[in-house]
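Undergrad: 3D model of this:
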Amino acid sequence: MKTFRIGGVHPAENKLSAGKAIQPLALPRQAVFPLSQHIGAPAVPVVKKGDAVKVGTKIAEAGGFVSAPVYSSVSGKVNKIDAVVDASGYRKPAIYIDVEGDEWEESIDRSSTLIKECSLSPEEIVARIKDAGIVGMGGACFPTHVKLTPPPGCKAECIIVNGVECEPYLTADHRLMLEKPDEILVGVSILMKAAKVTRAYIAIENNKPDAIRLLDGKAASYPGIEVVPLKVKYPQGGEKQLIDAVIGRQVPVPPALPIHVGAIVQNVGTVYAVYEAVQKHKPLFERIVTVTGKSLKNPSNFLTRMGTPMSQLIEAAGGMPEDTGKIIGGGPMMGKALMHADVPICKGSSGVLLMNGKEAKRTVPQPCIRCAKCVSVCPMGLEPYLLATCSARGDWERVEHEMIMSCIECGSCQFTCPSHRPILDNIRLGKGKVGALIRARNARK
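TA: Numbers count the residues shown, from 1 in each chain. Down below sits the predicted model:
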């Protein structure tokens with residue numbers, strides 16, 4: 001069975017909510033919409049205090065080519081344009097809307113009827129995806145229309161759909177594949193047309209046999225689409241690792257992109273959002289979020305409107321357990337600890353993980369024993385111990401030379417370290433500093 005070639009680990013899966021059907025979450029009393037829910041320039045508000053909005057009203061337009069608009073997920077009135085502490089821990093500009101009723105824009109098709117035929121041209125499909133504010137929903141939040149607009153000299157050969165969901169605990173994509181398989185397949189066909197390719201692969205790890213069987217059976221009716229079962233290994237959901245696993249090609253070092261080896265990778269949640277945008281005229285304003293944890297009363301998968309505070313999801317799943325030691329936005333490997341539970345759900349919010357005090361407590365770091373486990377598991381073929389040490393010492397020139405910007409921050413190195421060293425923490429520090437130095441250098445050119 002296929003998998004990627006370099007590194008990888010096998011953390012405990014803990015898919016506690018895999019058997020829980022998707023439930024719609026109640027509306028919040030107030031919704032908060034950060035203007036930076038994507039990679040690139042922040043969105044620019046097009047509403048002001050006191051304006052009335054409906055579900056699906058554009059409240060902020062894209063701030064550039066690499067950007068995405070933001071749509072209201074609720075109906076009501078704009079309370080203010082202020083700042084909010086988002087999942088990154090930083091204060092970001094945001095639009096606050098007080099909820100009144102649930103009135104939708106009339107252009108949105110709210111029926112459950114499957115629409116297979118798409119008469120739009122590739123350019124019209126990309127334009128509709130761009131206007132709907134769709135970004136990568138696996139966590140990276142890269143604007144989807146940019147991926148579908150290859151740079152000069154590059155041509156896509158295939159679409160790879162990421163249904164791997166290798167992050168422990170998270171089950172949102174798994175449930176989506178089980179409950180919306182036809183919509184996903186139509187969405188893949190639309191992306192194939194937009195990218196002008198004739199082949200698409202839906203990659204699913206073999207710990208989801210029900211999703212593999214369901215989509216494989218239905219894919220026979222959709223020309224050019226193949227379901228590819230993969231061996232379970234983390235971080236197989238990374239773009240470069242997935243491309244290696246599915247088509248056996250390795251993406252060169254940055255600034256090379258997946259398109260340079262002929263692939264466009266899209267998360268399965270993004271594919272579903274594309275179907276809804278193109279066929280139902282529905283912009284991106286809601287997503288499926290997993291709320292989970294070993295002490296949580298009722299781990300669940302909720303269809304959640306953007307802007308809803310995470311505390312509301314936690315309450316809907318049985319409330320905050322008394323032994324909660326940490327709230328993680330995302331999963332345990334790549335997620336980040338949150339400062340409080342009122343962080344709003346955004347386009348990239350795949351999960352909320354409540355870790356108990358015992359799980360959340362870090363072991364005291366010990367000296368490196370030079371075992372090189374971190375090197376053997378790094379899926380990018382880097383030397384994490386070296387990057388971490390040089391970053392801690394502030395040797396930015398050395399870490400840039402050692403390709404620190406190639407790190408995908410998967411956490412495999414820190415997970416496997418027998419000395420419990422904060423390898424990823426230091427590498428993230430180094431990446432931030434080196435990234436800033438590179439941007440400053442390019443600005444002077």
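Undergrad: quick one: the helices in the stretch 151-300 of the chain?
TA: 172-179, 181-195, 209-219, 239-247, 268-280 (DSSP state H, counting those that start in this stretch).
Undergrad: Now render those as a markdown table, adding mean neighbour count.
TA: Every C-beta, even on glycine, is put in place using the N, C-alpha and C of the backbone. Output for the helices of the stretch 151-300 of the chain, formatted as a markdown table (neighbours: other Cβ atoms under 10 Å):
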| stretch | mean neighbour count |
| --- | --- |
| helix 172-179 | 23 |
| helix 181-195 | 23 |
| helix 209-219 | 17 |
| helix 239-247 | 24 |
| helix 268-280 | 25 |
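Undergrad: could the ones you listed go into CSV alongside mean pLDDT and distance to T57?
TA: Output for the helices of the stretch 151-300 of the chain, formatted as CSV (pLDDT from 0 to 100; distance: least, Cβ to Cβ, whole Å):
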stretch, mean pLDDT, distance to T57
helix 172-179, 98, 25
helix 181-195, 98, 24
helix 209-219, 98, 34
helix 239-247, 98, 33
helix 268-280, 98, 15
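Undergrad: out of the ones you listed, which comes closest to G357?
TA: Closest approach to G357 among the helices of the stretch 151-300 of the chain (Cβ to Cβ): helix 172-179, 25.8 Å.
Undergrad: Can you tell me what sits against that closest one?
TA: Here helix 172-179 makes contact (Cβ atoms under 8 Å, 6 or more residues apart in numbering) with 15, 17-18, 20-22, 138, 162-165, 184, 204, 208, 210-211, 214-215, 267-269, 272, 287-290, 301, 350-351.
Undergrad: for it, the distance to its chain's centre please.
TA: 15 Å (Cα atoms, centre = their mean, to the nearest Å).
Undergrad: before we move on, the earlier item: of the helices of the stretch 151-300 of the chain, which approaches V9 most closely?
TA: Among the helices of the stretch 151-300 of the chain, the nearest to V9 by Cβ to Cβ is helix 239-247 (11.9 Å).
Undergrad: So which elements touch the closest one?
TA: If contacts are counted by 3 or more Cβ pairs under 8 Å, 6 or more residues apart in numbering; DSSP states H and E, helix 239-247 sits against strand 158-162, strand 200-205, strand 225-230, strand 263-267.
Undergrad: between it and strand 158-162, how big is the angle?
TA: If you take axes from the mean of the first three to the mean of the last three Cα atoms, to 10 degrees, helix 239-247 sits at 110 degrees to strand 158-162.
Undergrad: picking that back up, make JSON lines out of the helices of the stretch 151-300 of the chain and add distance to D131.
TA: What follows is the helices of the stretch 151-300 of the chain, written out as JSON lines (distance: least, Cβ to Cβ, whole Å):
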{"stretch": "helix 172-179", "distance to D131": "23"}
{"stretch": "helix 181-195", "distance to D131": "14"}
{"stretch": "helix 209-219", "distance to D131": "28"}
{"stretch": "helix 239-247", "distance to D131": "25"}
{"stretch": "helix 268-280", "distance to D131": "8"}
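Undergrad: okay, the helices and strands packed on helix 239-247 in TSV with mean pLDDT and mean neighbour count next?
TA: Formatted as TSV, these follow (pLDDT from 0 to 100; neighbours: other Cβ atoms under 10 Å):
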stretch	mean pLDDT	mean neighbour count
strand 158-162	98	25
strand 200-205	98	25
strand 225-230	98	20
strand 263-267	97	25
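Undergrad: And for A388, the neighbour number?
TA: For A388, the neighbour count with other Cβ atoms under 10 Å is 27.
Undergrad: ok, it - contacts?
TA: A388 sits next to 413, 421-427, 430 when contact means Cβ under 8 Å, 6+ apart.
Undergrad: Look at it and tell me its secondary structure.
TA: Judged by DSSP: H, G, I helix; E, B strand; the rest coil, the three-state class of A388 is helix.
Undergrad: With adjacent residues omitted, what lies nearest to it?
TA: Using Cβ to Cβ, 6 or more residues apart in numbering and skipping the chain neighbours, the partner closest in space to A388 is N426 (4.0 Å).
Undergrad: wait, is that neighbour part of a helix?
TA: Yes. Membership of N426 in a helix is supported by three-state DSSP.
Undergrad: Surely it and A392 touch.
TA: Yes. Counting by Cβ atoms under 8 Å, A392 is a contact partner of N426 at 4.8 Å.
Undergrad: of those two, who's got more company?
TA: Remark: of N426 and A392, N426 carries more neighbours, 21 against 16, as counted by other Cβ under 10 Å.
Undergrad: In contact with that one, which residues?
TA: Applying Cβ under 8 Å, 6+ apart, the residues near N426 are 387-389, 391-392.
Undergrad: out of those residues, who's nearest I404?
TA: For those, the residue nearest I404 by Cβ to Cβ is L387; the value is 5.2 Å.
Undergrad: From K130, how far off is the closest one?
TA: According to Cβ to Cβ, to the nearest Å, L387 and K130 sit 36 Å apart.
Undergrad: and what of A52?
TA: 26 Å.
Undergrad: Just tell me which of the helices of the stretch 151-300 of the chain ends up closest to F4.
TA: That would be, of these and by Cβ to Cβ, helix 239-247, which comes in at 4.1 Å.
Undergrad: Can you give me every residue that contacts the nearest residue to K218 once chain neighbours are set aside?
TA: Nearest residue to K218 in three dimensions, chain neighbours excluded: P181, at 5.4 Å (Cβ to Cβ, 6+ apart). P181 sits next to 214-215, 218 when contact means Cβ under 8 Å, 6+ apart.
Undergrad: Sweet, I'm off.
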